[in-house]
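>>> turn this into a model:
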Amino acid sequence: MTLTQQYPDPVDFTLPGVAPRDANAVVAVLQDRLNALGDLGLTLKHIHWNVVGPHFIAVHTMLDPQVAAARTMADETAERMAALGGVPLGTPGAIVDQRSWDDYSLRRADAIAHLGALDLVYRGLLDSYRQAIESTGALDAVTQDLLIGHTHDLEQFHWMVRAHLEDSGGQLATEGAHTETEGARHAGA
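Below is the predicted model of the structure:
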């Protein structure tokens with residue numbers, strides 16, 4: 001989300017030291033992050049329920065803490081929006097209507113295939129987090145700090161996923177993949 005996009009419920013009041021115009025821009029960025037985190041939590045649970053194969057238990061149990069963290073991050077994001085005078089939209093419809101990405105495409109699949117697809121999910125999520133960090137820096141350092149903390153945790157989870165896809169020489173099985181389907185295919189090859 002760029003700062004030129006307007007948040008649907010303009011901020012009339014905000015925190016001391018934050019101009020309403022800046023709060024509107026920050027709330028728009030945070031709504032996009034809220035949508036991404038809601039989507040991530042649902043996607044991780046979907047994988048948790050649909051993973052099969054010899055690595056089932058490792059992946060199945062690895063994902064629940066990630067789901068819990070995504071929910072906590074979503075709560076922190078929504079609360080920051082409210083503190084800035086925004087109205088967080090946390091409904092499934094808001095996610096679907098406002099997101100710029102497609103639904104997760106894998107169904108029941110081997111654990112390594114799901115991890116290959118999840119690698120691409122995390123790559124896209126982390127790219128958008130870095131953009132959000134950059135766009136909020138001059139507007140609200142507190143929000144930027146929140147986003148940096150979330151990025152730290154998301155990078156940690158991404159590392160855990162990628163560790164399953166990497167060989168001892170550091171070669172990543174999903175190298176060159178641009179879609180979840182390609183990531184799953186590359187990982188399973």
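>>> can you give the distance of stretch 99-106 from its chain's centre?
Offset of stretch 99-106 from its chain centre (Cα atoms, centre = their mean, to the nearest Å): 12 Å.
>>> and the gap between the nearest residue to Asp110 once chain neighbours are set aside and Tyr122?
Counting by Cβ to Cβ, 6 or more residues apart in numbering, the nearest residue to Asp110 once its immediate chain neighbours are dropped is Gly53, at 4.1 Å. For every residue, glycine as well, the C-beta is placed using N, CA and C. Distance from Gly53 to Tyr122, counting by Cβ to Cβ, to the nearest Å: 20 Å.
>>> which one of those two has more residues nearby?
Tyr122 (19 against 13; other Cβ atoms under 10 Å).
>>> wait, Val121 touches Leu40, no?
Yes: counting by Cβ atoms under 8 Å, Leu40 is a contact partner of Val121 at 7.2 Å.
>>> can you show me the strands along this protein?
Applying DSSP state E to the chain gives strands spanning 51-52, 109-110.
>>> I'd like to know how many residues surround Thr136.
24.
>>> that one contacts Ala28, correct?
No: Thr136 lies out of contact with Ala28 (Cβ under 8 Å); the separation is 10.2 Å.
>>> how about the helix or strand of the chain at the bottom of the mean pLDDT ranking, which residues are buried there?
Across the helices and strands of the chain, mean confidence by mean pLDDT, DSSP states H and E is lowest for helix 92-98: a mean of 92. When neighbours are counted by 16 or more other Cβ atoms under 10 Å, the buried residues of helix 92-98 are found to be 94-95, 98.
>>> what does stretch 115-133 give?
115-123, 125-126, 128-129, 132-133.
>>> and which of those residues is nearest to Asp9?
Closest approach to Asp9 among these (Cβ to Cβ): Ala132, at 19.0 Å.
>>> pretty sure the closest one is touching Asn35, no?
No: using Cβ under 8 Å, Ala132 is not in contact with Asn35; the gap is 11.7 Å.
>>> re earlier: out of the strands of the chain, nearest to Thr151?
Nearest to Thr151, of the strands of the chain and by Cβ to Cβ, is strand 51-52 at 25.5 Å.
>>> which neighbouring elements make contact with that closest one?
helix 56-83, strand 109-110, helix 111-136 (3 or more Cβ pairs under 8 Å, 6 or more residues apart in numbering; DSSP states H and E).
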